[in-house]
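S.K.: Give the three-dimensional model of this entry:
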Amino acid sequence: MDSEGVLLPLIHEHLMMPWNDLIPERGDCCGRLKDINNGYYCKNCKFFVHKECSESSKYIEHPSHRGHTLQLRRKPYRLCDLCRWDIKDLGYHCGICEFDVDLYCAKYPPPEVIGISETHPHKLILLKEQTVFNCGAKCGKTGDAFPYKCHECDLSFHVECVWHPSEVKQPLEVNHQPEVNHSYHSLHSLKLLTDRLPDYSDGKCRLCGTKKVGDKLFYHCSSCNFTLDMRCVLQPPPQSLLDLKTHDHQLTLLPRLISFTCNACGLKGDRSPYLCVQCDFVIHQDCIGLPRVININRHDHRVSRTSLLGVVNSVCGVCRQKVDWTCGGYSCQDCPDYVVHSKCATRNDVWNGKELEGVPEDPVDIEPYVVIDDNTIRHFSHQDHYLRLHVNGSLCEDNKHCNACTHPVSLQSFYSCIDCDFTLHQICAEFPRKKRHVLHNERLTLVTTKDDLFQCTACHRFSNGFRYQHGNKSIDLRCSSISEPFVHLGHPHHPLYYPSPFEEVKNCNGCNKSIYHMLRCIEKDCGFVLGFECATLPQVVKHRVDDHPLSLCYGEEASGKYWCDICEKETNPKTWFYTCKDHHSSLHTQCVFGDFSGVMPGSTIYGCEVVLNSSMFRPFCYNCKSRCNCPIVVKVLDFSDVYFCSFGCMIEQRKKQEALKL
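M.R.: Presented below is the predicted three-dimensional model:
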């Protein structure tokens, strides 16, 4: 094996070593079991990538998703829309349609028409739309994907049940020694277990704690209840080591089950630590070699590794759990009370993997405007003219919208241009030019161009206002304003925090919809969860259905039925809605804003002009034939009477036109 590592920035965040030895498990890149003998390996993460997968392009065109370019993404934690396998580390993604394929299906796309006589006598056609079906193959399981379908028999099949490309090596079993002798268990030999571990075992590797799941192979000694996974058999941790970044003395591995508190992170451990016999120092294996100085997405300043936190009664800035102040962790030199567990600070969803010791901080100009006088500024997004402050909505016009967040100025203080129609809320004008956010590990830059429509990563709303952006992450101003701890009037007793993205998807208490990015109450037995879309709903809005301001209501226990005054359909009183001062009316939040609330009136999207729906004579939607109820709609350019009320109607009408062309 070559001694020099390589950086594969599209694939993995750490240095990787060329690897030519057998690693008999699924590749972490594509998730397929192959005769692995050529690739790259990260010892820190135990991450292996095939050489073939490491050469994947950043962008591809895929025959199963024509019209949009797919981009390579790391750690998407999604399912492949073709084969429905988990995409845990690498996959291709369409940011417009939320379409995903793993590396395997990207390299070997299923053909549009196949004939598999041993499975089915007729030709099978690959459907272009995701659907729920019962597989007609031997598996017989329910699917929710892009299936192959026989239109003659009205049967559908999972892609992986009927199509196996002949040029691809199928999953194969590797010949393993049925019995091995190992230096960490010299009393007895270890026997290969291809099935589950015995019930008396804890199901984990004695050295690294990896649990046996799926196709993982383990070696086991039944006499001593000693178990090693395949990686620790092939590449066991050293019996002793000296790492001055970790500790001043030599450390020795204790390969046994033992309860201890790690001096590096303050968290509990249950097996095989390294210890220093000179000074009673104990450390997890994966805490060795922790970086000295890093940036994390929960804090604006750098945090530094310290062997003794020394802040009594403190809580971790990531997990919000108590920190053992006598142990090591990360702290901020500018904020004396800010501390983070070592493992929390170096989580993949918190840290970008870059060691910053010895790297000078870049001088970054984050101030968004220059002060001219007490009421006048020059904002970097509008350099040619000065902006003047109007306090508490004075000189407010109902149709005036903020160019940054695109929302109406309403009753808030705002800046307006002296020479043109440019307007910014005072709050929006103060957003820094660069900032950090819990949804991304890199610092985001404030982008003010209005050329492109984008979809917010946090709330999934479309907008063409200002946004914070880095790579494929775009976060609108409303969602970027959320920081921890977040206090919301809908849950005033406890603050909300952003949990680990590995937590299960839950339903939002505001809208009762399933959400991935959430804010959660960490109080025991509370369970309150809020999505970014509901967390950023304005507390008070104005709407033409009522002369009074409308207030956000956080649900009610009601026996009777509620009806929305805009769409005249029933509302669920237990979910959030808007109501007037006398509570005689209720309005769906979606009806109050509509699909185009994040799009600036007067701009152009998809060949349509964005217009205010403020006239007494509301237009009819060209697609659904209903009156356009939302405050903002779109009108097709060069047509005076062709309107659409939602993105859904625009897309549906476009599909109808494409079908007519065929």
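
S.K.: In the chain, what helix or strand scores lowest on average pLDDT?
M.R.: Lowest mean confidence among the helices and strands of the chain (mean pLDDT, DSSP states H and E): strand 142-145, at a mean of 72.

S.K.: Specify the helix with the largest residue count in the protein.
M.R.: Longest helix in the chain, counting residues (DSSP state H): helix 647-661.

S.K.: domains of this structure?
M.R.: Using automatic domain parsing, the domain parsing of the chain gives 179-234, 240-287, 369-429, 434-480, 486-535, 540-593, 604-661.

S.K.: And the next helix or strand past the least confident helix or strand of the chain?
M.R.: strand 148-150 (DSSP states H and E).

S.K.: Check which helices and strands that next one is in contact with.
M.R.: Applying 3 or more C-beta pairs under 8 Å, 6 or more residues apart in numbering; DSSP states H and E, we find strand 148-150 packed against strand 124-126, strand 155-157. Backbone N, C-alpha and C define where each C-beta goes, glycine included.

S.K.: How about residues contacting whichever helix or strand comes after the first one?
M.R.: Going back to what we said before, that points to strand 124-126. Downstream of strand 124-126, the first helix or strand assigned by DSSP H and E is strand 131-134. If you take C-beta atoms under 8 Å, 6 or more residues apart in numbering as the criterion, strand 131-134 is touched by Gly140, Lys141, Thr142, Gly143, Asp144, Ala145, Phe146, Pro147, Lys149, Ser156.

S.K.: let's see it at 6 Å
M.R.: For strand 131-134, contacts defined as C-beta atoms under 6 Å, 6 or more residues apart in numbering pick out Thr142, Gly143, Asp144, Pro147, Ser156.

S.K.: Now the buried members of the residues you listed.
M.R.: Buried by 16 or more other C-beta atoms under 10 Å: Gly143, Pro147, Ser156, out of the contacts of strand 131-134.

S.K.: from what I can see the first one touches His158, true?
M.R.: So that's Gly143. Yes. Counting by C-beta atoms under 6 Å, Gly143 does reach His158; the two are 5.3 Å apart.

S.K.: shared neighbours, those two?
M.R.: Cys135.

S.K.: so how far is the longest helix of the chain from its chain's centroid?
M.R.: Remark: helix 647-661 is offset 30 Å from the chain centroid, using C-alpha atoms, centre = their mean, to the nearest Å.

S.K.: What are the buried residues along it?
M.R.: By neighbour count on 16+ other C-beta under 10 Å, the buried set for helix 647-661 is Phe647, Cys649, Met650, Gln653.

S.K.: Ignoring the adjacent residues along the chain, who's closest to the last one?
M.R.: Right, the one you point to is Gln653. Leaving aside its sequence neighbours, Gln653 sits nearest to Asn623 (C-beta to C-beta, 6 or more residues apart in numbering; 4.4 Å).

S.K.: Can you give me every residue that contacts the one you found?
M.R.: Taking C-beta under 6 Å, 6+ apart, we find Asn623 in contact with Cys649, Glu652, Gln653.

S.K.: Could you say which helix or strand holds the nearest residue to Gly602 once chain neighbours are set aside?
M.R.: Taking C-beta to C-beta, 6+ apart, and ignoring the residues beside it in sequence, Gly602 has Val610 as its nearest neighbour in space, at 6.5 Å. Assigned by DSSP H and E, Val610 belongs to strand 608-612.

S.K.: the inter-axis angle of that strand versus helix 647-661?
M.R.: Orientation check (axes from the mean of the first three to the mean of the last three C-alpha atoms, to 10 degrees): strand 608-612 against helix 647-661 gives 150 degrees.

S.K.: Which positions within strand 608-612 qualify as buried?
M.R.: For strand 608-612, burial by neighbour count (16+ other C-beta under 10 Å) applies to Cys608, Val610, Val611.

S.K.: Now do the same contact list for the second one.
M.R.: Under the criterion of C-beta under 6 Å, 6+ apart, the neighbours of Val610 are Val599, Pro601, Ser603, Val634.

S.K.: Any chance of CSV for those, columns secondary structure, distance to Asp525 and neighbour count?
M.R.: What follows is the contacts of Val610, written out as CSV (DSSP: H, G, I helix; E, B strand; the rest coil; distance: C-beta to C-beta, whole Å; neighbours: other C-beta atoms under 10 Å):
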residue, secondary structure, distance to Asp525, neighbour count
Val599, coil, 41, 25
Pro601, coil, 46, 19
Ser603, coil, 47, 17
Val634, strand, 46, 28
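
S.K.: In this structure Pro549 contacts Gln539, no?
M.R.: No. Pro549 lies out of contact with Gln539 (C-beta under 6 Å); the separation is 9.6 Å.

S.K.: What score does Asp35 have for pLDDT?
M.R.: You'll see Asp35 listed with a pLDDT of 49.

S.K.: cool, Glu533 as well?
M.R.: pLDDT, Glu533: 93.

S.K.: For it, give me phi and psi.
M.R.: Main-chain torsions, Glu533, degrees, to the nearest 10: phi -60, psi -50.

S.K.: How is the closest residue to it other than its chain neighbours assigned, secondary-structure-wise?
M.R.: Counting by C-beta to C-beta, 6+ apart, Glu533 lies nearest to Cys459, which is 4.0 Å off, once chain neighbours are set aside. Following DSSP: H, G, I helix; E, B strand; the rest coil, we place Cys459 in the coil state.

S.K.: which residues sit in contact with Cys459?
M.R.: Cys479, Phe532, Glu533.

S.K.: between those, which is closest to Leu267?
M.R.: Phe532 (29.4 Å; C-beta to C-beta).

S.K.: what's the closest non-adjacent residue to Lys268?
M.R.: Among residues not flanking Lys268 along the chain, Thr261 sits closest, at 6.0 Å (C-beta to C-beta, 6+ apart).

S.K.: Could you double-check that His382 lies in contact with Thr423?
M.R.: No. With contacts counted by C-beta under 6 Å, His382 stays clear of Thr423, the gap being 9.8 Å.

S.K.: Can you give me the neighbour number for Arg231?
M.R.: Neighbour count of Arg231, defined by other C-beta atoms under 10 Å: 21.

S.K.: measure it to His93 for me?
M.R.: Counting by C-beta to C-beta, to the nearest Å, the gap from Arg231 to His93 is 29 Å.

S.K.: distance of Lys268 from Cys205?
M.R.: Note on Lys268: its distance to Cys205, by C-beta to C-beta, is 18 Å.

S.K.: picking that back up, is it possible to export the helices and strands packed on strand 148-150 to TSV including distance to His182 and mean pLDDT?
M.R.: Below are these laid out as TSV (distance: least, C-beta to C-beta, whole Å; pLDDT from 0 to 100):
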stretch	distance to His182	mean pLDDT
strand 124-126	48	85
strand 155-157	45	86
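
S.K.: Same list (these) but as JSON lines, adding distance to Ser410.
M.R.: JSON lines is the format used below for the helices and strands packed on strand 148-150 (distance: least, C-beta to C-beta, whole Å):
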{"stretch": "strand 124-126", "distance to Ser410": "50"}
{"stretch": "strand 155-157", "distance to Ser410": "50"}
